[in-house]
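> sharing a model that was predicted from the sequence below.
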Amino acid sequence: DALRTMHQIRAAEETIGDMVTAGRIRCPCHLTIGQEAVPVGVMRHLNAGDRVFGAHRSHGHYLALGGSLDRLMAEIQGKDTGASRGMGGSMHLIDMERGLFGTVPIVGATIPITVGAGLAAQMDGGGAVAVSFFGDGATEEGGFHESLNLASVRQLPVFFVCENNFFSSHLHIGLRQPHDSVSRFAEAHRVPWQRVDGNDVVAVADAADRAVTAMRAGQGPQFLEVVTYRWRGHVGPRDDLDVGVRRSDDLHTWKLRDPIGRLAAALVASGVIGPEDSERMRADAQAEAQKAWDRADRDPFPADEALLDRVYGGRRDAAQVREA
Amino acid sequence: DALRTMHQIRAAEETIGDMVTAGRIRCPCHLTIGQEAVPVGVMRHLNAGDRVFGAHRSHGHYLALGGSLDRLMAEIQGKDTGASRGMGGSMHLIDMERGLFGTVPIVGATIPITVGAGLAAQMDGGGAVAVSFFGDGATEEGGFHESLNLASVRQLPVFFVCENNFFSSHLHIGLRQPHDSVSRFAEAHRVPWQRVDGNDVVAVADAADRAVTAMRAGQGPQFLEVVTYRWRGHVGPRDDLDVGVRRSDDLHTWKLRDPIGRLAAALVASGVIGPEDSERMRADAQAEAQKAWDRADRDPFPADEALLDRVYGGRRDAAQVREA
Amino acid sequence: MTQVDKTTPYGIAIREAFQYLLETYPEAFTIGQGLWSPWYVGNSMTDLDKQFGKDRVIDTPVSELATTGAALGAALCGYRPIVIHPRVDFMLLATDQIVTQAAKWRHMFGGDVAVPLTIRGIINRGGEQGAQHSQALHSWFAHVPGLRVVMPATPGDARDLLIASVLCDDPVLYVDDRWLYEEEEALGPIVELDLREEGPRRLRAGTDLTMVASGYSTKLCVEAADKLAESGASCDIIDLRVLNPIDPQVILESVQRTGRLLVVDGDWSNCGMAGEIVARVAETIPAALSAPARRVTLADAPAPTSGPLERLYYPDTDNVVTAARELLDGPDVRFGDSESTMRRWGT
Amino acid sequence: MTQVDKTTPYGIAIREAFQYLLETYPEAFTIGQGLWSPWYVGNSMTDLDKQFGKDRVIDTPVSELATTGAALGAALCGYRPIVIHPRVDFMLLATDQIVTQAAKWRHMFGGDVAVPLTIRGIINRGGEQGAQHSQALHSWFAHVPGLRVVMPATPGDARDLLIASVLCDDPVLYVDDRWLYEEEEALGPIVELDLREEGPRRLRAGTDLTMVASGYSTKLCVEAADKLAESGASCDIIDLRVLNPIDPQVILESVQRTGRLLVVDGDWSNCGMAGEIVARVAETIPAALSAPARRVTLADAPAPTSGPLERLYYPDTDNVVTAARELLDGPDVRFGDSESTMRRWGT
Ligand SMILES: Cc1ncc(C[n+]2csc(CCOP(=O)(O)OP(=O)(O)O)c2C)c(N)n1
Ligand SMILES: Cc1ncc(C[n+]2csc(CCOP(=O)(O)OP(=O)(O)O)c2C)c(N)n1
Ligand SMILES: [Mg+2]
Ligand SMILES: [Mg+2]
């Protein structure tokens, strides 16, 4: 199941990557290939009522929450049937029914917003949690620190999940920070933290389980640093071998730690699945992704009115009508 | 000498406080009475070429650098003879000749600016340092963290001096942060730090000496947390006993740790000064402050043209002239 | 108003709105700096924390960005937060959350996401506080599609427009001004207005000159109109109230009648609200203008601290009266030799 | 321009300015996100780090506020930093340092403090990037006294106005637009301009209509003017170049002659630069307007991602042509029945 979802995410993104290469996508797509274990490991411990926020690299978060593949493909194509009704594209995904409350590309922007969802959860008193996915680069934004302090001092059920893939765009963390682990910030703000191998879905899931359990018990915020690596470039399907000194060697090493391959091997070894099952899942996911793309391709774009009708709530204002 | 300067700062601020009470000052004045040991202890290890920045509570930083008492009093009265030519008042002081490069009331604002002065010092290569004075409240601004990271990753000669007086306006640090010591942030950003009794001028001076020496030797930034307490209210001469649970008890305790009284006692005990000397210094400083106030009182206000003439460099633009 | 009616000061009217909201709507709460302080936001929120508890009236660390973002997050989850910034100047540290997040969230996600967030930015200036404790910048925020901007000039609006802002499902920037807190008005019962129906309002009917303003500047216009009335000039005063989106109809109809337009604004001139009003007229009914439109705004400089300069910097009633007189006594330029008008009005 | 001259694209012209500044002025350096990247800021700074070293061409963590503040601090110490924000949207996280610090520092400290800081904000929009990767907001920054705002429309200005900005002792926001990087022009030798002497410039002389714009919008006007010329209409095109402080003279003189004003701006309308230009005319020479002034700006919405909506959102040459035609064919309203004009132009 975790394996199937990871295959689904990767297949979806490989299809998206191909479409970018084929010039059929204009909107910027940040692929999470290589990091699939993180969303899959964390989401498995979330319930209805929990709220999740992401950033620019969030196809995986959307799909791991059970978001519709069709609506993802439609959104990337700017179709009215998309997750954000064609208004947001790859970098602005939402699916409130499944708990995805928003992903946006301004680095670090959703971290304080997640703290607010944690505040809401605390006021609701139902034991729900708020989860923020962000990258190592986001820890350089001041808002990240303000958020940790606010969640810590008010003991809010906020789960800070940092996907440390050592890169912010073209820059390795060694050129941006004095140390390559970001858990030190959780320590400073007195937020309990764990640091795990982000390419081991079981390790991620266990850590998430511990964190979420503590939060539901009212023990305040938690921080999880998952160490991982993105196989593709910062944006699009290229692999950015042109940036960063050690990028190409590292990439080679990390591909040997493929989260999908590792889980598959473990499941085969323990006899849970047969030797061909993983490959079959991959092929199915691949076909599914292609079908979803083709279906979305036939969907309509938003009507022209959407441009002004979706700015404010309800029907247009007197003021707006006059403008239009 | 340190004693005389501390007396000068306190006397100046008591005079200012009286003038506020007397309704002769309109601009907001944040008094540092009780914290005099910090600027005095730190500045004694600075040289020409070093650059200092402060915040809203900076009369002490200005005077400890040897700034003119007359120009301070004139600035607070909005006179053209003031440190900022009457354009800034108590919260915006500058004296570039003596190394005070600016103090402003937006909390945390001068911290990244000081990092830039450190960058300049590093480029100059002359072993100068940049010093930022700020309070515990400023550590809650994201810009503070961005600044520590930037100074740390580029190993800039920036001296972060946090005057931790446990209060940000009306709020005790216990209501704003999970822990009452701020050195944990320096640790997180890998900036070497010290934490000292801010009411012991010798302890402050020794710590500053160690830090500045290391910076001049090219060892990167340093952080100093000085633990102290302000006797007066957040702004003006009142003592704000109406805020904070423990404020009144604490105030009593801290007054027993008067930095001036402690240094005077030590100097008397070691025979450096006579038993009456400190009291005489106080009286002289008092008289000096009053004289400075009266002199400034007779100074002229800026001419009306100053309002538009001081916006941009050089003479007014064609555009501006036409506006005026 | 007469001695007998009970009147309410602007600051207290704001407090009454909070009281009403916190009593009536469990999803309403307020968060920001100074909310547990006896003096931080004047008399506009006194003891709300004692009355409604520190979990619904939340004081915060000095973290404008995270505080604003947190309020936005709670709003997305169905709450109706009012985030307080005791000074607009401090609020600027939260620009990204206000302008790039809150204002865009609904549109960016398809139009169905409600963002019932109210951001209260207080204009707190003068008193020799200087350049960093004085900014208004409502023109800035009115520039941003998706962000409603409200600026009450009277105690009644201070109360009812705050309630309307909080009940609105869009992000609203509510800008009040400390200089108005002592203004008094006899208030009727609270009415829950639909903010989308609210817009500029004629405060006073006149025939010779149209004055347009918002917030404290509206007060200046009313005072100026009184003085001008003595010399027989009758002014039509339009209080903007809602700066974005703007509905210019009342203004256009007024200028249509008076032929003279004076806009007063406590913000800077270049790309400001005053210029916007002038532009609305010039792009619809320029022929109605029988004299050049006129702006009275802040001087084109940061706020000084020195008393005498501060008096030059902020427009006062006399500045408005003078500008109005020049407009009224100015030549009718409808068929005008506009060379001379350039000399005359170009300054 | 003919095939034979060697022409320089806008993006390369910017790089030439950096090259000149870093070679000529030891106190010049540049800092910002992406400066060690092969692709971050297009072709406008390629390999400067290799040429001048990573100590004068500094890439940074994702910390817009601290990076901008640091550049300001270095400027106070006598350096001439150019801080780079690859997108205006990201720059908004540094609003406090730009607007409340850099713009006010000189005035606040008596007028003698030089602040030779240049902030380069790149407008990077379109390409279905959406609401958070598209903002221009030059109108915002032009609103702030103390901050000079420059917007080059041509390769020559992209080069020489960047140099002038860096050599100026005041903080300057230099706004360039990725959509212009491939525009070519034959450049003469570099000239060091005094920014205080620079202002709006007539790009093309015409008699029927005054078009005012800046940056990419100026390009739209030039293209539109070509199309309009085919139908015999002759346009006077004014490129603003310096948005704050503004010198309106060239514009006023032009409208004086043409009687018709069309302002095109790639920013939003409410309290925007387009309205400011209209207001300048209406408050000085309204009688010169023989037709209502006209604005062409972004739609009043956040930027959408969907291709078809994106095409509606951003003004293009055809929108400018259409607006111009309506202006030219519109009734002369100088003596006009402005009721009908309201219906006609109020939309
Ligand atoms: C405020 C802001 N600054 C800069 C950028 C440009 N940017 C987009 S993604 C990115 C890298 C972020 O790195 P990280 O947070 O580690 O996420 P990752 O890309 O590694 O998943 C940057 C700098 C941005 N989108 N927003
Ligand atoms: C950005 C910003 N937010 C809020 C304020 C209001 N304010 C002025 S001083 C102050 C307290 C700062 O506390 P601290 O940094 O500890 O300095 P102290 O007053 O204790 O010297 C606050 C919150 C401000 N000036 N700037
Ligand atoms: Mg990363
Ligand atoms: Mg303090």
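Yes, it's here. Ligands and ions are numbered 1, 2, ... in the order given.

> for the closest residue to residue C:73 other than its chain neighbours, list the residues it contacts.
Among residues not flanking residue C:73 along the chain, residue A:116 sits closest, at 2.2 Å (CB to CB, 6 or more residues apart in numbering or on different chains). Yep, even glycine has a C-beta here, placed from its N, CA and C like the rest. Contacts for residue A:116 (CB atoms under 8 Å, 6 or more residues apart in numbering or on different chains) come out as A:130, C:69-77, C:81.

> helix, strand, or coil at residue A:225?
Here residue A:225 is recorded as strand under DSSP: H, G, I helix; E, B strand; the rest coil.

> now the strands: where do they sit in the chain?
With no chain named, the answer covers chain A. Counting by DSSP state E, one finds strands in chain A at the ranges A:51-54, A:100-103, A:130-135, A:158-164, A:167-168, A:171-172, A:193-197, A:222-227.

> the chain in question should be chain C.
Counting by DSSP E, the strands of chain C are C:8-9, C:28-32, C:57-59, C:80-85, C:118-123, C:148-150, C:172-177, C:184-185, C:201-204, C:209-213, C:235-239, C:242-244, C:261-264, C:294-296.

> what would those look like in JSON lines with mean pLDDT?
Listed next are the strands of chain C as JSON lines, based on pLDDT from 0 to 100:
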{"stretch": "strand C:8-9", "mean pLDDT": "98"}
{"stretch": "strand C:28-32", "mean pLDDT": "98"}
{"stretch": "strand C:57-59", "mean pLDDT": "98"}
{"stretch": "strand C:80-85", "mean pLDDT": "98"}
{"stretch": "strand C:118-123", "mean pLDDT": "98"}
{"stretch": "strand C:148-150", "mean pLDDT": "98"}
{"stretch": "strand C:172-177", "mean pLDDT": "98"}
{"stretch": "strand C:184-185", "mean pLDDT": "97"}
{"stretch": "strand C:201-204", "mean pLDDT": "98"}
{"stretch": "strand C:209-213", "mean pLDDT": "98"}
{"stretch": "strand C:235-239", "mean pLDDT": "98"}
{"stretch": "strand C:242-244", "mean pLDDT": "98"}
{"stretch": "strand C:261-264", "mean pLDDT": "98"}
{"stretch": "strand C:294-296", "mean pLDDT": "98"}
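
> relative to chain B, which of the ones you listed is closest?
strand C:57-59 (6.2 Å; CB to the nearest CB).

> just how off-centre is the closest one within its chain?
Computed by CA atoms, centre = their mean, to the nearest Å, the separation of strand C:57-59 from the middle of its chain amounts to 24 Å.

> so where is the stretch 151-300 of chain A shaky, pLDDT-wise?
By pLDDT under 70, the low-scoring segments of the stretch 151-300 of chain A are A:245.

> rerun at 80
A:242-246 (pLDDT under 80).

> let me see the ranges of the helices in chain A.
A:2-21, A:37-43, A:59-64, A:69-76, A:110-124, A:142-153, A:183-188, A:201-216, A:247-255, A:259-269, A:277-297, A:306-309, A:318-323 (DSSP state H).
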